[in-house]
Every structure is written in C-alpha cells, then in structure tokens.
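Novice: Below are the sequence and a predicted model; questions follow.
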Amino acid sequence: DGETNILRVNKAFVEITGYSAEEVVGTSPRLLHSDQHDKNFYDSIWKSVEESDGWEGEVWSRRKNGDAIPLHLTVTAIRDAKGAASNYVLAFSDITRNKKDADEIYNLAFFDPLTGLPNRRLLMDRLSQSVAASGRTGQKAALLFLDLDNFKNLNDTLGHDFGDLLLQQTAQRLKHSLRAEDTVARIGGDEFVIILQNLGEEGADAPAQTEAVANKILSALNQPYSLHDHECFSSASIGVTLFESSESEVDELLKQADIAMYQAKKSGRNMLRFFDPEMQENITQRANLENALHNAVEKKQFQLYYQVQVDNQNLPVGAEALIRWQHPVLGTVPPQDFIPLAEESGLIVPIGRWVIETACAQIRRWQGNPRTAGLTVAVNISPRQFYQVDFVDEVLECLA
C-alpha cells in the first residue's frame, strides 16, 4: 500500500522467497533486505520511484532460510486522482541461473580452466593496467616469463594426466609465492607469466626484489611433487623484464621476458635471467642471418675450398672439402658463423646436398688430369643428413 506494507503476494513470491502469504502480508518488504546493500542503496530506489514512478535493476535479497538470492526487481508506483502514491507493485524474478551462467561465461573468457589462473586475455588487460599505473605513480614493476624445464618428458613418459596435475600444483605454488597485488597467469602449455607491481622508485630496489621473488619461486618449484603416488621433480627457467613507463608496449614487454627466459634455458635451466637489449640485438642479427642463409641456398652463394691431405712422404693423396659462404655484402662468412644456424634451421640438408654434388663434380674434373686423377675428397656430413630416408640414394646419384 501507500505505506509500503505488503497487501498481497502471488504463488511465485512464496516459491522464490520461502515465505508464506500469511507470514508477510501486513509486513514491510524490508523483510527481504540483504546485508549486501546498505540503507543508501534502498533509499535511492524509493527516491527514484517517487521522482519517476518506477525503478528497475538487480538487487540481492534474502530467503526465509537466510540464503542470499539475486533478483531482477521492478518497482512501480500507482497514483490516485490527486497524484499521490496509493499503491506500489514490486515484481521480481530469480536470476540465480543467469548470474551463474554469466559467471561461467566470464570464467571461460578470462581464466584457464585447468589451473583457475587468469589466461592470456586477462593477463594482457592487467598488464596494460600495470603499465599505466607504473607510469602514473613512478613505481617500478616487473614481468616474469616462466617455462617449466623438460615438461614434455613428463607427458611422454607418464601421460598427460600427470602433466595436468603438475601444472595445477605448479599454479598453486606460484600463487603462494606471490603477494595479493601480484598476478600470475597461465598463457598456454607449461608457460606462466607473472606481474610484480609496486617495486619501489629507486633503481636498485626493483631488480633486488624481483630476484628475491624469482628465487623463492624456483625454490618452491624444486620441491618434490606427488602425482598419483608418484614422486616427481621439476624446475623452471625464468626471464624478467622491468618497466616503469606508461609508454611501454605490453607485447614488447612480453617478448622481452620471453627472450630472457630462453637465455635462462640456454644457460642451463632452473635459473633466472634479466632481459638485456643486447639479447634482442643478437636475436635480430640471427633472424637476419637466417633469412640471408635462405637466399644463399637459392642463389648458391657457397664455395668449396680444398684442404690438401698428404701421406707420410708429404705427397698429396686427397683433400677435405671446406665450405665458405660468399655473401655479397658481408664478404666471406666462415663456417662457424653459419653452420650451427644451418643445423638448427634444417638448411644444412640442402647445403649438404650441394656440397656432395660440388665435391663430386670436382673429383670428375681432377680425373681428367694425370697429376690429380688419384685424389679422393673427404666431405663433412651433418647428422641431420643421415636422418633423411633418401640420403644413401642421394649420395649414389651424386657419385653416378
């Protein structure tokens, strides 16, 4: 009524709230108020009703048994001929399922289902906020890129169930190693990223604090894991980049931490490495060299030199074929500068084929000269070439 006493309720009211009609008729809707809203919230609802004849929105209510329940509520004022509010109609529906569905959708969008940690999408949002806050406050922050060492071996030997358990326990150890204000996310596979905030404004404070946290993490991850009654051990490699400017690019920060992490792996694993701009420069140079090496294979920019081999009489019996790369800009590139790159990239296979073909052609030319007709040529073969199923056939073809 006009005094906000309940006059009548329907069957749905009884089902949703647990109160019978006899229990509530004559009482106030305050009976359903939840502790999740203060007096100002309810006052604002009635103020809106008085000013605009209605209000609509979400509220938390309370069932008879004390359980909190989310409702979608509409309050409508009914006025008499003189314009005074003679009655109010409160209509509501239980939106528990809607809220639950919304929470599930949110969790699927922003959290990793295996570990419950934020996923890459939420991480990037929080990293953007951290960069902005760092620039605003002058407080330094750090981004840690963590990758488990030899995780594939665990999956291959014990199975993915064990791998999932290890990831879940790793996530718990990481959370327990950090402060509430920090963020740890799983961005895929066995890769985790951590944001450490508010590391101070002094130059030496941030690296020292970051190193202390990273060592705490490494120590925690080195403790034995119990996976389905199997005791397992693991470790991690961590790369770190520091930032303090709002102009820092989040993608660039993530790349820098990733580069530092790979340096930690190259240095022996189970350790920490801070990003240094020289790391980026080396990777850029390496990428440029690999691109140039692809062109060298296509354009046959290589040349073979022949190191003479002699017998105990110091007479020539053969030669060892030594490859050199004649780059149009860099000049002669020695093998120690490009052979390891060719091995890693797989380009050593076509390069090795070219070496065999070229050496065989040289032998053929030497056979036409009596002074060199008996010489043999030794050719270095990469292990990768032996893995090629047609390697023997290729050698036989070149010899033929």
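Specialist: Alright, I've got the coordinates. Numbering: from 1, shown residues only.
Novice: Val317 touches Gln309, doesn't it?
Specialist: Yes. With contact defined as CB atoms under 8 Å, Val317 reaches Gln309; the gap is 5.7 Å. In short, each C-beta sits where N, CA and C put it, glycine included.
Novice: Report pLDDT for Trp203.
Specialist: To be clear, residue 203 is Gly; Trp isn't right here. According to the prediction, Gly203 has pLDDT 66.
Novice: for Met279, same thing?
Specialist: With respect to pLDDT, Met279 scores 65.
Novice: show me where the stretch 1-150 of the chain has helices.
Specialist: Using DSSP state H, counting those that start in this stretch, the helices of the stretch 1-150 of the chain run over residues 11-17, 21-24, 39-52, 96-110, 120-137.
Novice: Where among the ones you listed is average confidence lowest?
Specialist: Looking at the helices of the stretch 1-150 of the chain, the lowest mean pLDDT belongs to helix 96-110 (a mean of 88).
Novice: residues near Arg173, how many?
Specialist: Counted by other CB atoms under 10 Å, the residues lying close to Arg173 total 19.
Novice: what about it, which helix or strand?
Specialist: Using DSSP states H and E, the element containing Arg173 is helix 160-176.
Novice: for that helix, the distance to its chain's centre please.
Specialist: Remark: helix 160-176 is offset 15 Å from the chain centroid, using CA atoms, centre = their mean, to the nearest Å.
Novice: Output the below-cut-off pLDDT ranges for the stretch 151-300 of the chain.
Specialist: Residue ranges of the stretch 151-300 of the chain with pLDDT under 70: 203, 279-280.
Novice: Okay, helices next: where are they in it?
Specialist: Along the stretch 151-300 of the chain, counting by DSSP H, counting those that start in this stretch, helices occupy 151-158, 160-176, 205-221, 250-266, 277-299.
Novice: in the helix holding Arg173, what counts as buried?
Specialist: For helix 160-176, burial by neighbour count (16 or more other CB atoms under 10 Å) applies to 162-163, 165-171, 173-174.
Novice: Next: stretch 53-67.
Specialist: 55, 59-62.
Novice: Using JSON lines, lay out those residues together with pLDDT.
Specialist: What follows is those, written out as JSON lines (pLDDT from 0 to 100):
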{"residue": "Trp55", "pLDDT": "95"}
{"residue": "Val59", "pLDDT": "94"}
{"residue": "Trp60", "pLDDT": "93"}
{"residue": "Ser61", "pLDDT": "93"}
{"residue": "Arg62", "pLDDT": "92"}
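Novice: Of those residues, which is the nearest to Glu191?
Specialist: Distances from Glu191 to the buried residues of stretch 53-67, taken as CB to CB, are shortest for Trp60 (38.7 Å).
Novice: so what's that closest one up against?
Specialist: 34, 36-37, 68-71 (CB atoms under 8 Å, 6 or more residues apart in numbering).
Novice: how about a cut-off of 6 Å?
Specialist: 34, 36, 68, 70 (CB atoms under 6 Å, 6 or more residues apart in numbering).
Novice: for the first one, phi and psi?
Specialist: Going back to what we said before, that points to Ser34. Dihedral angles of Ser34 (phi, psi; degrees, to the nearest 10) stand at phi -110, psi 150.
Novice: can you tell me how far the nearest residue to it once chain neighbours are set aside sits from Val75?
Specialist: Spatial nearest neighbour of Ser34, chain neighbours left out: Trp60 (4.1 Å); criterion: CB to CB, 6 or more residues apart in numbering. Distance from Trp60 to Val75, counting by CB to CB, to the nearest Å: 15 Å.
Novice: So for this protein, the centremost residue is which one?
Specialist: Among the residues of the chain, the one closest to the centroid is Ile187, at 2.8 Å (CA atoms, centre = their mean).
Novice: check contacts around Thr76.
Specialist: Thr76 neighbours (CB under 6 Å, 6+ apart): 54, 89.
Novice: same question, Leu178
Specialist: Val184.
Novice: and if you look at the one 5 residues further on?
Specialist: With contacts defined as CB under 6 Å, 6+ apart, Thr183 is in contact with 126, 195.
Novice: Same check on Gly163?
Specialist: Taking CB under 6 Å, 6+ apart, we find Gly163 in contact with 154-155.
Novice: How much space separates it from Ala264?
Specialist: 21 Å.
Novice: go on, Tyr306?
Specialist: 43 Å.
Novice: Neighbour count for these two, which is higher?
Specialist: Ala264 (24 against 16).
Novice: hang on, that one packs against Ala236?
Specialist: No. If you go by CB atoms under 6 Å, Ala264 and Ala236 don't touch, sitting 8.8 Å apart.
Novice: follow-up on the earlier one: want to throw the helices of the stretch 1-150 of the chain into CSV with distance to Asn153 and mean neighbour count?
Specialist: Formatted as CSV, these follow (distance: least, CB to CB, whole Å; neighbours: other CB atoms under 10 Å):
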stretch, distance to Asn153, mean neighbour count
helix 11-17, 55, 15
helix 21-24, 65, 14
helix 39-52, 56, 12
helix 96-110, 31, 12
helix 120-137, 25, 17
